[in-house]
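S.K.: Dropping a prediction and its sequence here:
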Amino acid sequence: MNHRTAHPPPPVTLDDVRGAQKMLAGVARMTAMEGSRHLSQLVGAPVHFKCENLQRTGSFKLRGAYVRIACLLPEERAAGVVAASAGNHAQGVALASALLGVRSTVFMPQGAPLPKISATQEYGAEVRLHGQVVDETLAAAQEYAAETGAVFIHPFDHADIIAGQGTVGLEILEQCPEVRTIVVGIGGGGLAAGIAVAVKALRPDVRIVGVQAAGAAAYPPSLAAGRPVSVDNPATMADGIRVGRPGDVPFGIIGDLVDEVRTVTEDELSTALLLCLERAKLVVEPAGASPVAALLSDPGSVEGPVVAVLSGGNVDPLLLQRILRHGMAAQGRYLAVRLRLTDRPGALATLLGVLSVVDANVLDVSHVRTDPRLGLTEAEVELHLETKGAAHCAEVGQALREAGYKVID
């Protein structure tokens, strides 16, 4: 989606971002810039990863959280801070607060992954579990702020947050001065807005492309309407960018300075995450892989050199397992099939023999005889297979059909 809308001067300036960079000296790391030969070949130009997944706390969120809390008045710091987050912002606020000697309370959804809860607690925050979705958690945190006087630290809708995230843009220009396109994921918009402020002030020729998950893409309709609008029930594996409504502050900046906002599918996200792991040896969460997904979906549409911002690497191991399997399935490297066969001795061995002939590696077998839907002489088998691509999947299916098996959808 291409757009250009007229907006008042942004509430965050290059001087604000430079000031934030000074505050963050010795706090946030200048994260690595790594080249990707595989993506470079696909795009036809150099592609680099800005590895914010290797930042302290595992994401860029420390930058904005630290600047926001560092700018509080002494009496505000004394009252403590409160935040709501499913993971990355929680950890950023917890560590920033600890470094600045400020008491922090973080509300997290009851279903938040245990590793993220534990990490937030280890950074020094008091964690309170409330609600099933982030909106409920957010409401609880704001209520706590009203009751106690603690300062609510919004994850993206504040100028100080945006200035802190904008330091990523300054580092990109320093590490890759020849950059022509920057691709960055968008949830509420704080990171993309900050990068846009910094980069466009110094290099207006650089194209900035934002990326959203298709199931949680509030920015395209908002930009079309000229104001933030909500998306009901945003749904995506990329929890870091699963935001139902753009922030008011970043929306104006993104509408004015970001050149394009694209969307990517769940299959594209999982494939991108798998690529980062296999080709770049980088653990990246789905939101962090969204720029890579955008490049994979339309590799010839960007001018290089390209910098893809890998915004975070905090992914729950159980979710990672599911995503990797999803990504392998999308590439035709994993196949699940379910079929029925006659329940007699040797029937399963015969089936496995058919699969062996076509070189399909069996990862898991589920053999059911007692389901009431089955006939007296039937058994149902579900097989999880390691395959070698779409053509090999088709070959496996053809071999099963020729052997007389009917695959159940």
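M.R.: Structure received. Numbering: from 1, shown residues only.

S.K.: Which parts of the stretch 151-300 of the chain are strands?
M.R.: Taking DSSP state E, counting those that start in this stretch as the test, the strands found in the stretch 151-300 of the chain are 151-152, 181-185, 207-213, 260-264.

S.K.: okay, now the nearest residue to residue 42 once chain neighbours are set aside: neighbour count?
M.R.: Once flanking residues are discounted, residue 42 sits nearest to residue 299: 4.2 Å by CB to CB, 6 or more residues apart in numbering. For every residue, glycine as well, the C-beta is placed using N, CA and C. Residue crowding around residue 299 was assessed by other CB atoms under 10 Å; the count is 17.

S.K.: In contact with residue 299: list those residues for me.
M.R.: Going by CB atoms under 8 Å, 6 or more residues apart in numbering, residue 299 touches 39, 42-44.

S.K.: Of those, which belong to helices?
M.R.: Per DSSP state H, helices hold the following members of the contacts of residue 299: 39, 42-43.

S.K.: so what's residue 102 up against?
M.R.: By CB under 8 Å, 6+ apart, the contact list for residue 102 reads 69, 72, 77, 80-81, 96.

S.K.: now residue 389
M.R.: By CB under 8 Å, 6+ apart, the contact list for residue 389 reads 331-333.

S.K.: Likewise for residue 183?
M.R.: With CB under 8 Å, 6+ apart, residue 183 has these contacts: 209, 211, 291, 294-295, 302, 306-309.

S.K.: just to revisit the earlier point, just among the contacts of residue 102, which is most surrounded?
M.R.: Ranked by neighbour count (other CB under 10 Å), the contacts of residue 102 have residue 96 at the top, with 33 neighbours.

S.K.: Give me the distance between residue 87 and residue 93.
M.R.: 11 Å (CB to CB, to the nearest Å).

S.K.: Could you count how many residues lie near residue 99?
M.R.: When counting by other CB under 10 Å, one arrives at 18 neighbours for residue 99.

S.K.: my read: it touches residue 67, true?
M.R.: No. Here residue 99 lies out of contact with residue 67, judged by CB atoms under 8 Å, at a distance of 11.8 Å.

S.K.: Could I get the contacting residues of the nearest residue to residue 313 once chain neighbours are set aside?
M.R.: Once flanking residues are discounted, residue 313 sits nearest to residue 53: 3.1 Å by CB to CB, 6+ apart. Contacts for residue 53 (CB under 8 Å, 6+ apart) come out as 59, 282-285, 288, 310-313.

S.K.: following the lowest-mean-pLDDT helix or strand in the chain, which helix or strand comes up?
M.R.: None of the helices or strands of the chain scores lower by mean pLDDT, DSSP states H and E than helix 317-330, at a mean of 75. Next along the chain after helix 317-330, taking DSSP states H and E as the criterion, comes strand 334-342.

S.K.: Give me the sheet partners of that following strand and which way each runs.
M.R.: strand 378-386 (antiparallel), strand 407-408 (antiparallel) (DSSP bridges).

S.K.: Tell me which residues of the longest one come out buried.
M.R.: Neighbour-count burial for strand 378-386, counted by 16 or more other CB atoms under 10 Å, picks out 379-381, 383-385.

S.K.: for stretch 145-164, same thing?
M.R.: Taking 16+ other CB under 10 Å as the criterion, stretch 145-164 shows 145, 150-164 as buried.

S.K.: all helices for the stretch 1-150 of the chain, in order.
M.R.: 14-23, 37-43, 61-70, 74-79, 88-100, 114-122, 134-148 (DSSP state H, counting those that start in this stretch).

S.K.: before we move on, the earlier item: which of the contacts of residue 183 fall in helices?
M.R.: Those of the contacts of residue 183 mapping onto helices are 291, 294-295, per DSSP H.

S.K.: List the buried residues of stretch 292-304.
M.R.: Of the residues in stretch 292-304, 292-297, 299, 302, 304 count as buried by neighbour count, 16+ other CB under 10 Å.

S.K.: Is it possible to get a markdown table of those residues that adds pLDDT and distance to residue 170?
M.R.: A markdown table is the format used below for those (pLDDT from 0 to 100; distance: CB to CB, whole Å):
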| residue | pLDDT | distance to residue 170 |
| --- | --- | --- |
| 292 | 97 | 22 |
| 293 | 97 | 25 |
| 294 | 97 | 23 |
| 295 | 97 | 23 |
| 296 | 95 | 27 |
| 297 | 94 | 28 |
| 299 | 92 | 27 |
| 302 | 94 | 21 |
| 304 | 91 | 21 |
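
S.K.: list the helices and strands the helix or strand harbouring residue 362 packs on?
M.R.: Secondary structure from DSSP H and E places residue 362 in strand 361-368. If contacts are counted by 3 or more CB pairs under 8 Å, 6 or more residues apart in numbering; DSSP states H and E, strand 361-368 sits against helix 347-357, strand 378-386.
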